[in-house]
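Student: Okay, sequence plus prediction incoming.
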Amino acid sequence: MAKMVHSMIRVLDEERSVAFYRDAFGLEVADRLDFDNFTLIYLSNAESHFELELTVNKGTTEAYDLGNGYGHLAFVVDDVDPLHARLTEAGYEPRKLTDFSPGGTLLARFFFIADPDGYQIEVIQKGGRFG
């Protein structure tokens with residue numbers, strides 16, 4: 001069997017991105033590997049062994065073109081309402097809370113937020129498939 005261990009995104013500003021993921025989702029630096037041309041920062045928390053790898057390419061100053069192939073990362077939380085309020089208060093500008101209820105049955109309660117580099121993140125309330 002294969003085990004998923006991380007997903008990588010390229011970011012411009014290590015400090016800004018690490019602060020965002022710490023503040024928004026409680027991710028901390030698990031490892032940091034510095035090389036001549038790039039730095040890899042692995043973020044995780046006690047909720048999962050899966051890590052987010054931030055790659056900082058040294059000398060890059062222009063925003064990355066996210067293209068039309070990137071979808072989103074997703075986090076599951078116990079209650080989206082207080083997190084949405086906290087992120088709004090912190091100035092991160094999460095999008096509106098959504099109750100996804102096709103056919104009248106609630107399948108998911110969620111919102112999206114963009115990280116400092118524009119990557120989209122779905123924040124889903126724990127329950128159902130996302131228990």
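Tutor: Yep, that arrived.
Student: From now on I want contacts and neighbour counts done on CA atoms only, so please keep to that.
Tutor: Fine.
Student: residues of the longest helix along the chain that come out buried?
Tutor: Using DSSP state H, we find that the single longest helix of the chain is helix 14-25. Neighbour-count burial for helix 14-25 flags 14, 17-18, 20-22, 24-25 (criterion: 16 or more other Cα atoms under 10 Å).
Student: can you pull out the helices in this protein?
Tutor: 14-25, 80-89.
Student: out of those helices, which comes closest to Ala63?
Tutor: Nearest of these to Ala63, taken as Cα to Cα: helix 14-25 at 13.2 Å.
Student: what residues go with each domain of the protein?
Tutor: 1-60, 71-131 (automatic domain parsing).
Student: I'd like those domains as CSV, with mean pLDDT appended.
Tutor: Below are the domains of the chain laid out as CSV (pLDDT from 0 to 100):
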stretch, mean pLDDT
domain 1-60, 95
domain 71-131, 93
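Student: Identify the bridge partners of Asp31.
Tutor: Tyr42 (DSSP bridges).
Student: dump the residue contacts of it.
Tutor: With contacts defined as Cα atoms under 8 Å, 6 or more residues apart in numbering, Asp31 is in contact with 41-43.
Student: What of Val56?
Tutor: 10-14, 38-40.
Student: again with Asp13
Tutor: When contacts are counted by Cα under 8 Å, 6+ apart, Asp13 touches Val56.
Student: Would you mind finding the longest strand in this structure?
Tutor: Using DSSP state E, we find that the single longest strand of the chain is strand 48-57.
Student: list the buried ones in that strand?
Tutor: By neighbour count on 16+ other Cα under 10 Å, the buried set for strand 48-57 is 50-57.
Student: same question, stretch 106-122
Tutor: For stretch 106-122, using 16+ other Cα under 10 Å, the buried residues are 108-117, 119-122.
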